[in-house]
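Colleague: kindly return the folded structure for what I paste below:
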Amino acid sequence: MSIHSDAPAVIRQEVESLRRRIEHHNRQYHSLDRPEVSDAEFDALLVRLEALESRYGLQSPDSPTQRVGSAPLPGFVTVRHELPMLSLDKAFDEEELRQFEARVIRWSESEDDLEYCCEPKVDGVAVSLLYRDGALERGATRGDGLNGEDITHNIRTIHDIPLRLAGERFAGTSIEVRGEIFLGKQGFAAINARAREAEGRTYINPRNTAAGAIRQLDSRNTARLPLQMLCYSLGQVEGMTLPNTLFETFDLLDQWGLNTNADRALCAGAGQCLSYCGKLLQKRESLDYEIDGAVIKLNRRDLQQKLGQTTRSPRWAIAWKFPAEEKSAKVLAVDFQVGRTGTITPVARLEPVFVGGVTVSNATLHNMEEIRKLGLCAGDTVIVRRAGDVIPKIVQVSEEGAGREAVVMPGECPACGSPVEADGEVHFRCHAGLFCPAQRRQAVEHFASRQAMDIEGLGVKLIEQLVGSEKVRNVADLYRLTVEDLAGFERMGEKSAAKLAAAIEQSKQTTLGRFLTALGIREVGDATAAALADHFGDIEPLLGASIESLQEVPDVGEVVARHIHGFFSRSDNLALIAALRETGVHWPLGQPKEPDEKPLAGQTFVLTGTLARMTRNDAKAKLISLGAKVAGSVSKRTHCVVAGENAGSKLARAREFELRILDEEAFLAFLEEHGGAA
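Modeller: Residues are numbered from 1 along each chain as shown. Next up is the predicted model:
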């Protein structure tokens, strides 16, 4: 690293030497766990470098003295990725992995045996590092894959990341390095111990903590955490010829001073990949970082380029996902919570246990029949299972506790004291409706939510205050609130109150589908609400509809029809609808359509993956409104599969059957073409 300054040559040489020595010792200590000098010796080198840089004006962004963090920035700058940072398709079993290999063999048209580079799938945060002429110039988050956030100020604080690449061959080069930033298990335990002592709280899991840390506007907060990084690939590279295999590329990254995963392996064929995944699962607990599977990539770069990518994922790589993780925990008690529609649900309160990447302290038990099947009592030790973002589930009782207590459904609603009544064979319900505080608060939350009336700025905390003060006793009261009413609540200044009042006023202009969703009718989500609106055109025909006529609506069976009919048979619900309309809530009238008049009548669609510009339920509602049937699985009779980000086995099956596949952009254009655009 050359230094340009008016400082004497001997000083410039010493500064350059100090920087090299400090970076070397940083890597030995933080990355390789092989320190060569004492802390005192290292500190002396750093103090000497800081003094020389300050005295002679030799400060530089790539100096190790810049890792302490800086004052807060006003906000993040958007970074456009030269090459998209794609997500990976997933395989959950041997069959799906072998299907992946069959596709790779077919597309690559290679007569040679194919090799794959396998490595642990670190549960962290994907980032991009840009090195120009060997010096770190920019760090960015993955973002949506096309655009990320500039987090350079935070990246510089991470000791695992070199501020300058090792070696002398970087003049005229631009190298984008991609990797995963994470918190190791030991580091996470240490910061939780400090947080518990200082603040009486702990962080939930390492991944979320790392994600929050790299998005700090004040990089001094990032510098306090022992973040690490493992590099897994290169993005856009200019001015340099790269090896033709990923395995050799990893060796090159190591030579540059970048950390790669030592647990990687080169595997021939799906059989060896499966063997690697099995061995990795066995050593999962001994690793100092959280993993949720393995990443399997075609080793040869020329074949990677030949196979190319979809809009979401490379065709030459796949993520093998581990089965759900299980841990044992003691059930301290079983509480009962009241849902939005009054359903009483038992919840197990557990001794906190770390499972599936998160600390779990409670798990739903669904209903009393589930408790009976498990044979569960308070005080028992149970097996808790969690996979990815799935809600923790109690699998079985592993040990009966001493003095165990039977779980009994309370006779009164824990929120309002109203009688609890059986609803079918396994469910229990409080029928107080909006008179029950638990249901009232959640009913208002649901009413204001994005898929319903979409009242921006009406958050949970304010709703709790509005309901608690009885300013809002039912959802119609929202439209009677004044700016003065709102400004009187905590954290609501005059401007915020005026802005929220305007949002409430704006929400009066809605659609019938959104209005029906907002009412919170049992079993009526936004897709069913849209189908009802499309079928009846206005609310008056719906109010008097029989159970039989309701079943003529797509996606409405007998059970749902009875819930809808029962809702509109209650006088208090009809009074609430009338009150809402009196406040000015309105929607455009539609013309009821026969099912066979709709453009997608008779066609079956399947949705898979995550859509960025709408929810899956929104997409389902639009398809149903156009006459389509939306199924949960792919078959040869499926007409089209809509594949969002992180689409998995359904997308693979669609390709196998050679079905029509639409990515999100094509799907939005398709909706607009058929009159289903938002």
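Colleague: send me the one helix or strand in the chain whose mean pLDDT sits lowest as PDB with only the CA atoms.
Modeller: Lowest on mean pLDDT, DSSP states H and E among the helices and strands of the chain sits helix 39-56, with a mean of 77. Output in PDB follows, covering the C-alpha atoms of helix 39-56 (Å, rounded to 0.1, in the frame of the first residue of the first chain):
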ATOM      1  CA  ASP A  39      -2.200  -7.600  23.800                       C
ATOM      2  CA  ALA A  40       0.300  -5.000  25.200                       C
ATOM      3  CA  GLU A  41       2.600  -5.400  22.200                       C
ATOM      4  CA  PHE A  42      -0.300  -5.100  19.700                       C
ATOM      5  CA  ASP A  43      -1.600  -2.000  21.500                       C
ATOM      6  CA  ALA A  44       1.800  -0.400  21.400                       C
ATOM      7  CA  LEU A  45       1.900  -0.800  17.600                       C
ATOM      8  CA  LEU A  46      -1.500   0.700  17.200                       C
ATOM      9  CA  VAL A  47      -0.700   3.700  19.500                       C
ATOM     10  CA  ARG A  48       2.500   4.400  17.500                       C
ATOM     11  CA  LEU A  49       0.600   4.200  14.200                       C
ATOM     12  CA  GLU A  50      -2.200   6.500  15.400                       C
ATOM     13  CA  ALA A  51       0.400   9.000  16.600                       C
ATOM     14  CA  LEU A  52       2.200   9.100  13.300                       C
ATOM     15  CA  GLU A  53      -0.900   9.400  11.300                       C
ATOM     16  CA  SER A  54      -2.200  12.200  13.400                       C
ATOM     17  CA  ARG A  55       1.100  14.100  13.500                       C
ATOM     18  CA  TYR A  56       1.800  13.900   9.700                       C
END
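Colleague: got the buried residues for it?
Modeller: With burial defined by 16 or more other CB atoms under 10 Å, the residues of helix 39-56 counted as buried are 42, 45-46, 49-50, 52-53, 56. Just so you know, the C-beta spots here come from the backbone N, C-alpha and C atoms, and that holds for glycine as well.
Colleague: of those, closest to Y289?
Modeller: For those, the closest approach to Y289 (CB to CB) belongs to F42, at 24.8 Å.
Colleague: past the least confident helix or strand of the chain, which element shows up next along the chain?
Modeller: The element immediately downstream of helix 39-56 (helix or strand, assigned by DSSP states H and E) is strand 78-80.
Colleague: who does that next one pair up with?
Modeller: Within its sheet, and counting by DSSP bridges, strand 78-80 is paired with strand 147-149 (antiparallel).
Colleague: state the mean pLDDT of the strand it pairs with.
Modeller: pLDDT averaged over strand 147-149 equals 88, rounded to a whole number.
Colleague: now it, how far from the centre of its chain.
Modeller: 16 Å (CA atoms, centre = their mean, to the nearest Å).
Colleague: buried ones in it?
Modeller: For strand 147-149, using 16+ other CB under 10 Å, the buried residues are 148-149.
Colleague: outside of stretch 636-643, which residues touch it?
Modeller: In this structure, residues lying in contact with stretch 636-643 by CB atoms under 8 Å, 6 or more residues apart in numbering are 312, 603-609, 611, 619, 628, 631, 634, 650-651, 654, 657, 659-664, 667.
Colleague: in strands only, show me those residues.
Modeller: Among these, the residues falling in strands (DSSP state E) are 604-608, 631, 660-662.
Colleague: sketch out the low-pLDDT regions of the stretch 101-250 of the chain for me.
Modeller: Applying pLDDT under 70 to the stretch 101-250 of the chain flags residues 111.
Colleague: ugh, wrong one, the stretch 551-678 of the chain
Modeller: Counting by pLDDT under 70, the stretch 551-678 of the chain contains low-confidence ranges at 591-597, 676-678.
Colleague: where do the helices sit along the stretch 51-200 of the chain?
Modeller: Taking DSSP state H, counting those that start in this stretch as the criterion, the stretch 51-200 of the chain carries its helices at 94-108, 152-155, 185-199.
Colleague: what's the neighbour count on L130?
Modeller: A count of neighbours around L130, defined by other CB atoms under 10 Å, yields 19.
Colleague: correct me if wrong: it contacts G148.
Modeller: No. Using CB atoms under 8 Å as the test, L130 is too far from G148 to be in contact (11.2 Å).
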